[in-house]
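**Student:** Below is the sequence, then the predicted model.
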Amino acid sequence: MNLKTQLKRLAEEAFLSLKRTKGKEELENFRIAYLGRKGTLTRILRRIKDLPLEERKVIGKRANGLKQQLEEGLKLRLSRVEERRKVERFDITLPGIKPRLGHLHPITLISEEIRGTFQELGFEMVAGPEIETEYYNFEALNFPPEHPARDSFDSFYLAPEILLRSHTSPVQIRVMEKRKPPLRIITIGRCYRRDAIDASHFPVFHQIEGLMVGEKISFSHLKGVLTYFLQKIFSPDIRVRFLPSYFPFTEPSAEVSISCIFCKGAGCSSCGGSGWIEILGAGMINPMVLRKVKYDPEKFTGFAFGMGIERIAMLKHRISDIRLFWENDLRFLEQF
Ligand code: PHE
């Protein structure tokens, strides 16, 4: 058999056996068998120098090429074996890397707490649209046509007579139009006003609105419900104060304050020295509104209240700037 054929056979055999090697030891045996000092390929290489010049050139090139291929193949298989060993050495009892868990936004958390408190009192949660008509946002709520809130400087209009709701009160109308008393509902959602942004104003904010209608519903029911709610949310020892106020859709209306949660009513910078913090608007539903939804004001009465969720969250958690709720800075959010 001439050297050329021998080389060809050797190549076939070597590639096949390299493919079959398993583990480090077999690879080392392979190296010795072919590439070692007495290896088959080494021996062929040694004989090349005795060939006539022309053959030497051709066979020499082939033999050296084969040597290089075998060396590279060996290296590749060795690294694979190494890799597998690493995987096999992996200790599955090691503790893993914990993924960071997200959680609910502070506004969502307080909304849930508020909803829970009103649910205890039998209030049902309802929802209404954020895009409203002037009718639901103002007219049905007895806002006169020239009321400043109707101005496009104060509300976001999307088209004539269509705007982003500036409060949650239109939900009162939508519910009363569809259902008959007795009613006990709350709604929580986003509202929009064209306010300049500062520490206590943001053009988007959340309100919670409550409504109760039935026979013989009186102002004392309103006082009872709100006092229960505010003491539950803030602290059982706060006092609640009702002062006369004005809203077009309630009569009489009240602005409701709680005794300052920071100084307990003594007077401090947070309450402007008064000992009281104003927190919400409320009142008995104006008979004009009841008539609009075709309720008989002689038979049914009711109360409504509305307040800003951000304001409650800010007081409860002593947050000094409303913008923090929208910046999504994890250093802020992770505290809740
Ligand atoms: N909608 C009023 C506001 O945004 C709050 C309010 C609601 C007042 C219900 C009285 C009754 O200021």
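**Tutor:** Here it is on my side, so go on. Since the model is a prediction, treat every value here as computed from it, not as a measurement.
**Student:** can we go C-alpha only for contacts and neighbour counts from here?
**Tutor:** Noted.
**Student:** domain parsing for the protein?
**Tutor:** Listed by automatic domain parsing, the domain ranges of the chain are 3-89, 106-333.
**Student:** how about a markdown table for the ones you listed, with distance to Arg100, mean neighbour count and mean pLDDT added?
**Tutor:** Output for these, formatted as a markdown table (distance: least, CA to CA, whole Å; neighbours: other CA atoms under 10 Å; pLDDT from 0 to 100):
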| stretch | distance to Arg100 | mean neighbour count | mean pLDDT |
| --- | --- | --- | --- |
| domain 3-89 | 26 | 14 | 90 |
| domain 106-333 | 12 | 17 | 96 |
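**Student:** Next, format those domains as JSON lines and append distance to the ligand.
**Tutor:** Below are the domains of the chain laid out as JSON lines (distance: least, CA to the nearest ligand atom, whole Å):
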{"stretch": "domain 3-89", "distance to the ligand": "63"}
{"stretch": "domain 106-333", "distance to the ligand": "4"}
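**Student:** and Ile97, which of the ones you listed is closest to it?
**Tutor:** Closest of the domains of the chain to Ile97 is domain 3-89, at 17.5 Å (criterion: CA to CA).
**Student:** For that closest one, measure first residue to last.
**Tutor:** Terminal residues of domain 3-89 are spaced 46 Å apart (CA to CA, to the nearest Å).
**Student:** Same question for stretch 129-140.
**Tutor:** One end of stretch 129-140 to the other measures 16 Å (CA to CA).
**Student:** what's the offset of that stretch from the middle of its chain?
**Tutor:** On the basis of CA atoms, centre = their mean, to the nearest Å, stretch 129-140 sits 29 Å off its chain's mean C-alpha point.
**Student:** thinking again about what came up before, which of the domains of the chain sits closest to Gly96?
**Tutor:** Taking CA to CA, domain 3-89 is the member of the domains of the chain nearest to Gly96, at 15.6 Å.
**Student:** Show me where the stretch 151-300 of the chain has its strands.
**Tutor:** 157-159, 162-164, 183-192, 204-214, 240-247, 250-259, 276-285 (DSSP state E, counting those that start in this stretch).
**Student:** who's sitting farthest from the centroid in this structure?
**Tutor:** Most distant from the centre of the chain: Pro52, at 80.6 Å, with distances by CA atoms, centre = their mean.
**Student:** Got phi/psi on that residue?
**Tutor:** When read as degrees, to the nearest 10, the backbone of Pro52 gives phi -60, psi 150.
**Student:** check contacts around it.
**Tutor:** Neighbour list for Pro52: empty [criterion: CA atoms under 8 Å, 6 or more residues apart in numbering].
**Student:** For Gln119, which non-adjacent residue is closest in space?
**Tutor:** Closest residue to Gln119 apart from its sequence neighbours, by CA to CA, 6 or more residues apart in numbering: Met125 at 8.0 Å.
**Student:** how far out from the middle of the chain is the helix or strand containing the one you found?
**Tutor:** Element membership of Met125, judged by DSSP states H and E, is strand 124-126. Mean-position distance between strand 124-126 and its chain equals 23 Å (CA atoms, centre = their mean).
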